[in-house]
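Visitor: Predicted model and sequence below, questions to follow.
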Amino acid sequence: MPALFLQPFEPMTTLLALDTATEACSVALLHGGRVLSHYEVAPRLHAQRLLPMIQQLLGEAGITASALDAIAFGRGPGAFTGVRIAIGVVQGLAFALDRPVLPVSNLAVLAQRALRERGAIQVAAAIDARMDEVYWGCYRAEAGEMRLLGQEAVLPPEQAQAPRGSDGDWFGAGTGWGAYAERIALKPVGMAGDLLPHAADLLDLAGYAWGRGEAVPADQAQPVYLRDQVATPKAAPV
C-alpha cells in the first residue's frame, strides 16, 4: 500500500519525484493537493523496479504522465549506478513530455526525512561513500525546509564536522553513521544509522524549489558525485 502524506503544495501542481541513489528505490507523486508514494529497499533492482513503480503510482492517481508539470529526482551523492539510473529515466520522461526537472540533493532528502520522522531541526546527513569515506552535509530546518549549512563534501569520517560558526545539537542521519559513527568527528544527540532517502521527502524539497522557480531544462539533469569536487585529491597509488 502506498504511504500517504499531506503537504502544503498548490493544489493544481502535479509533480513526480523519484530516487535510486542508495539501496532504496522510491517514487512519489503530488496530484490534486495530496502525495502518494511507494518506497522499497531493493539493492541492485532499481533498473527493473523504477518504471513499474512510476506507472503504478500514476495509475493510482488516475492520471497519465502528460499531466506532470515537472519531474524531481535525487541527483546524488550516492551510488554511481543508482544515480545514473534515476537521471536516465528522468531525462527520458522529461524530453518526451517536454517538461522541466528539479534536481535535489540526496543528503538534503535524508535531512528532510529526519525532520519529518524524528522532528530533528539540525541534521548531519552522512551516506556511506565506500573507500573509507562519507558523503557529508549539514542542514538546518527553516520554515519546514532543510537548508544546507556550509558545503556538501566527500571526506574521511574523522574530518566530518559541523560547519564553522554553527551551534546547537545535531541529529545524525544516514548509512554513513551506521558504518562510521565511532569515527565521525561530530557527536550527535541522536542517530538513525539505517535511514535512507525517501521520495516523499524529495518531493517536499522539490515543492519548495518549484515555488522559487528553480526548475531547469531536462538536459541539465546531471549527477553530483562530489568525488570530483574534493579540494585536495588523494595522491595516485604508487
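Guide: Everything's here; your move. Quick caveat, the model's predicted, so the values are computed rather than measured.

Visitor: what stretches of this structure score poorly on pLDDT?
Guide: Along the chain, segments meeting pLDDT under 70 span 1-11, 228-238.

Visitor: C-terminal to the longest helix belonging to it, what's the next element?
Guide: Using DSSP state H to assign secondary structure, the helix with the most residues in the chain is helix 80-97. Next along the chain after helix 80-97, taking DSSP states H and E as the criterion, comes strand 101-104.

Visitor: Next secondary structure element downstream of that following strand?
Guide: Past strand 101-104, the next helix or strand by DSSP H and E is helix 106-118.

Visitor: Which secondary structure elements does that next one sit against?
Guide: Helix 106-118 makes packing contacts with strand 122-128, strand 134-142, strand 145-155, strand 171-173, strand 190-192, helix 199-211 when contacts are defined by 3 or more C-beta pairs under 8 Å, 6 or more residues apart in numbering; DSSP states H and E. In short, each C-beta sits where N, CA and C put it, glycine included.

Visitor: what's it in contact with?
Guide: 5, 19, 21-22, 74-78, 120-121, 123, 125-127, 135-137, 139, 141, 144-146, 148, 152, 171, 173-174, 190, 192, 195-198, 200-202, 204-205 (C-beta atoms under 8 Å, 6 or more residues apart in numbering).

Visitor: Narrow the residues you listed to just the buried residues.
Guide: Among those, the ones that count as buried by 16 or more other C-beta atoms under 10 Å are 5, 19, 21-22, 74-78, 120-121, 123, 125-127, 135-137, 139, 141, 145-146, 148, 152, 171, 173-174, 192, 195-198, 200-202, 204-205.

Visitor: Would you map out the domains in this structure?
Guide: 3-105+197-228, 106-192 (automatic domain parsing).

Visitor: on that earlier part again, wait, which of the helices and strands packed on helix 106-118 is closest to residue 95?
Guide: Judged by C-beta to C-beta, the one of the helices and strands packed on helix 106-118 that comes nearest to residue 95 is helix 199-211, at 18.6 Å.

Visitor: packing partners for the closest one?
Guide: Using 3+ C-beta pairs under 8 Å, 6+ apart: helix 199-211 touches strand 15-19, strand 24-31, strand 34-41, strand 70-74, strand 101-104, helix 106-118, strand 145-155.

Visitor: I'd say residue 42 and residue 49 touch.
Guide: Yes: here residue 42 reaches residue 49: they are 5.4 Å apart, a contact under C-beta atoms under 8 Å.

Visitor: Need the overlap of contacts for the two.
Guide: residue 25.

Visitor: What is the neighbour count of residue 88?
Guide: When counting by other C-beta atoms under 10 Å, one arrives at 14 neighbours for residue 88.

Visitor: ok, now the one 5 residues further on?
Guide: Neighbourhood size, residue 93 [other C-beta under 10 Å]: 21.

Visitor: Equivalent analysis for the one 3 residues further on, please.
Guide: Taking other C-beta under 10 Å as the neighbour definition, residue 96 ends up with a count of 11.

Visitor: and if you look at the one 5 residues further on?
Guide: Other residues lying near residue 101 total 25 when counted by other C-beta under 10 Å.

Visitor: what about it, distance to residue 108?
Guide: Computed as C-beta to C-beta, to the nearest Å, the residue 101 to residue 108 distance reads 16 Å.

Visitor: again, but for residue 95
Guide: 25 Å.

Visitor: So those two - more neighbours on which side?
Guide: The neighbour count for residue 95 versus residue 108, taken as other C-beta under 10 Å, is higher for residue 108 (24 against 14).

Visitor: can you pull the contacts of the residue nearest to residue 109 when sequence neighbours are not counted?
Guide: Distance criterion C-beta to C-beta, 6 or more residues apart in numbering; nearest residue to residue 109, sequence neighbours excluded, is residue 197 at 4.0 Å. Taking C-beta under 8 Å, 6+ apart as the criterion, residue 197 is in contact with 19, 21, 22, 24, 26, 74, 78, 106, 109, 110, 113.
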